[in-house]
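# sharing a model prediction with you, sequence too.
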Amino acid sequence: MRAIDYLRLLSLAAIWGASFLFMRIASPAIGPINTAFFRVFFGLIGLTIIILVIRKTLEFRGKLGKILILGAINSGIPFLMYSIAATLLPAGYSAILNATTPLTGAMIGFFIFSESLTIKKWLGVTLGIIGISVITTVGDSNIDGNIYIGVTACLIATIGYGFAGFLTRKWITQQGGLDSTLVAFGSQIGATAFLSPLLLWNISTGPSIDWFQGDVWISLLAVGFLCTSLAYILYFRLVADIGPLRSLTVTFLVPPFAVLWVFLVLDETISSEFLLGSLIVLLSVWLIVGPDSKKAA
């Protein structure tokens, strides 16, 4: 990897780490569906502005349909799941469970996309499962709500990310590639289309909401423009340059930033049990994404 790739990974980690703070503020106030929708909607607006400013030609070269599907898998479903988790778990929990994305990506690659797994990577998968179990069963006992629903929502999100990484490589990169800005733009169209019916249903049947909350709108604008528009341009550029599995290593760096942001803003703390589970998870991620020793021919 080049120096610019490491810089993009670090920047993306800091930005996505902040997304857990913003969702933790917005989702309990206006609901998960509304939070997820406005995240992708503002992300779409931000990308539209970027495309107009740089005068990017919308030439999807026959890939738009697949990009729309990628949007639902890589943005719509995961953002909804993390918004649900934000109503049940501290932001640090969601962030560390997000770090299991390489774990689910490795398993999806092995069982569906014929990717090989070394003994070291299988050990990483096993440790990841142990770490998740520790976080779920002996983590912070003061969590309000159903921790199992929150953890399940986060894991569904990581499965979506894992699938999307390999599908991006198969549908986009290996088919001649496409500008990362267009991929991000098209994916947010797909995510917005996916979440729009849920938004209409939620507004018509859900409880009344106080929409005049300044901190909520600041969080929605930030999570949309910064954590989605800008972040996905960086992400799809990384997928094209270094591949899906290495791109997923960004989730290894997200939890420290997420814990830092929520500590500074919301004064959330972590328990020793949660820290133990987190270290196991991060060790498992390192085993999965770390380079394997070269084998003799």
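It's in. Residues are numbered from 1 along each chain as shown.

# shaky segments in this protein?
138-145, 244-245, 248, 251, 291-297 (pLDDT under 70).

# residue ranges for the strands of the chain, please.
Applying DSSP state E to the chain gives no strands.

# pretty sure F22 is touching V223, no?
Yes - counting by CB atoms under 8 Å, V223 is a contact partner of F22 at 4.0 Å. All C-beta atoms are positioned from the backbone trio N, CA, C, and that covers glycine.

# which one's more surrounded, these two?
V223 (30 against 26; other CB atoms under 10 Å).

# the more buried one: what's it in contact with?
V223 is in contact with 18-19, 22-23, 26, 39, 42, counting by CB atoms under 8 Å, 6 or more residues apart in numbering.

# top of those residues by number of neighbours, please.
R39 (34 neighbours).

# of the contacts of V223, closest to A95?
S19 (9.0 Å; CB to CB).

# for the closest one, give its distance to A91.
From S19 over to A91 the distance is 9 Å, taken as CB to CB, to the nearest Å.

# picking that back up, looking at the contacts of V223, which one is closest to I288?
Distances from I288 to those, taken by CB to CB, are shortest for S19, at 22.6 Å.

# what's the closest of the contacts of V223 to V151?
The nearest one, if we look at the contacts of V223 relative to V151 and count by CB to CB, is M23, at 15.7 Å.

# wait, that closest one touches N34, no?
No - under the criterion of CB under 8 Å, M23 is not in contact with N34, lying 11.4 Å apart.

# before we move on, back to that, C154: which of the contacts of V223 is nearest?
Distance to C154 across these (CB to CB) is lowest for M23, with 11.5 Å.

# for that closest one, which non-adjacent residue is closest in space?
A86 (4.3 Å; CB to CB, 6 or more residues apart in numbering).

# and the helices in the stretch 101-250 of the chain?
For the stretch 101-250 of the chain, the helices defined by DSSP state H, counting those that start in this stretch occupy 101-111, 119-138, 147-171, 180-205, 214-221, 231-242, 244-247, 250-266.

# what angle do the second one and helix 147-171 make?
Think helix 119-138. Using axes from the mean of the first three to the mean of the last three CA atoms, to 10 degrees, the inter-axis angle of helix 119-138 relative to helix 147-171 is 150 degrees.
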